[in-house]
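[1] Please find the sequence and the predicted model below.
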Amino acid sequence: MRSTGAEPAPAPPAFVQLVAHPVRWRLLRELSRSDRAVRELTERVGEPQNLVSYHLRRLRDGSLVCARRSAADGRDSYYAIDFEQCERQLRAVGEALHPALLFAPITPGASAPPRRRPRVLFLCTGNSARSQIAETLLRHLSGGHTDTASAGSHPKPLHPNAIRVMRKRGFDISGNRTKHFDELTAQRFDLVVTLCDRVREVCPEFPRQPELAHWSIPDPAREGTTDRQSYPAFERTAAELETRIRFLLPLLINTSHVN
């Protein structure tokens, strides 16, 4: 028997309703390029802090954004976008609209390489773990289509757990040299990524004003009193860096990053 009236349409997925608000959309756009504190987001979107904080709370409740207490100033927090959660929810939106719109996840190396290899520098405090891991992962995930380097503000020897987590992934970084960022300040980079809240405060200037991004990633060496106790933190750090780099790659192939 044919229905005499149209069936009520289902409500749009929560993701659509959440990101449709112009302020929340702008906040997500800002966080897609760099982790930021509330005061920075307030300046960038041109809205009062109480409104920005409200919308950040909505995004956190929707699992699209997370926050971490700053290692440089414990009174402050850095907000970061959860790319994997955004990807999952966006794919679900496409599937809900039509099965043919189920988006494929980003695959490293699937896009054409840029016309010129972007130069990327990762900075942390000791250049002993986070930046070394990021440098190696980007070089690998880009298929060698990036020129990648790392350095620190107070270099220390490579951490044994950094060597271990990368060896587990098939990379031997045991022979890598740690270095001070002063060695690289005369070089030109397209993108400089600070991985430590403290080094962000002392990041030097580089020629031709590269794009600056901040990933607020805690120092895994500070978790636990022994290398064995801190090893899980190094695994989490490597996994987070791998995810962030996977989502960085499409931006690097954009010619706006290759000046």
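    Sure, I can see it.
[2] can we go C-alpha only for contacts and neighbour counts from here?
    Will do.
[3] quick one, strands of the stretch 1-150 of the chain?
    65-69, 77-81, 119-124, 147-152 (DSSP state E, counting those that start in this stretch).
[4] Select, out of those, the one closest to Gln209.
    Smallest distance to Gln209 across the strands of the stretch 1-150 of the chain (C-alpha to C-alpha): 12.7 Å, for strand 119-124.
[5] Parallel or antiparallel, list what pairs with the closest one.
    Note on strand 119-124: by DSSP bridges, its sheet partners are strand 147-152 (parallel), strand 191-194 (parallel).
[6] how about the ones you listed in a markdown table, adding distance to Pro220?
    A markdown table is the format used below for the strands paired with strand 119-124 (distance: least, C-alpha to C-alpha, whole Å):
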| stretch | distance to Pro220 |
| --- | --- |
| strand 147-152 | 15 |
| strand 191-194 | 15 |
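[7] can I get those in TSV with mean pLDDT and distance to Pro8?
    TSV is the format used below for the strands paired with strand 119-124 (pLDDT from 0 to 100; distance: least, C-alpha to C-alpha, whole Å):
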stretch	mean pLDDT	distance to Pro8
strand 147-152	97	54
strand 191-194	97	48
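[8] Out of these, which gets nearest to Thr178?
    Comparing those under C-alpha to C-alpha, the one sitting nearest is strand 147-152, at 6.6 Å.
[9] buried sites along the helix or strand that that closest one is followed by?
    Later in the chain than strand 147-152, the nearest helix or strand by DSSP states H and E is helix 160-168. For helix 160-168, a neighbour-count test (16 or more other C-alpha atoms under 10 Å) marks 161-166 as buried.
[10] Mind giving me the packing neighbours of helix 160-168?
    helix 130-141, helix 227-252 (3 or more C-alpha pairs under 8 Å, 6 or more residues apart in numbering; DSSP states H and E).
[11] Give me whichever of these is most buried.
    Among the helices and strands packed on helix 160-168, the stretch with the highest mean neighbour count (mean count of other C-alpha atoms under 10 Å) is helix 130-141, at a mean of 22.
[12] if we can go back for a sec, reformat the strands of the stretch 1-150 of the chain as CSV; add mean neighbour count and distance to Val38.
    Shown next, in CSV, are the strands of the stretch 1-150 of the chain (neighbours: other C-alpha atoms under 10 Å; distance: least, C-alpha to C-alpha, whole Å):
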stretch, mean neighbour count, distance to Val38
strand 65-69, 18, 10
strand 77-81, 23, 7
strand 119-124, 25, 22
strand 147-152, 23, 26
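[13] Can you lay out the ones you listed as TSV showing distance to Leu241?
    Compiled in TSV, the strands of the stretch 1-150 of the chain are given as follows (distance: least, C-alpha to C-alpha, whole Å):
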stretch	distance to Leu241
strand 65-69	15
strand 77-81	13
strand 119-124	11
strand 147-152	14
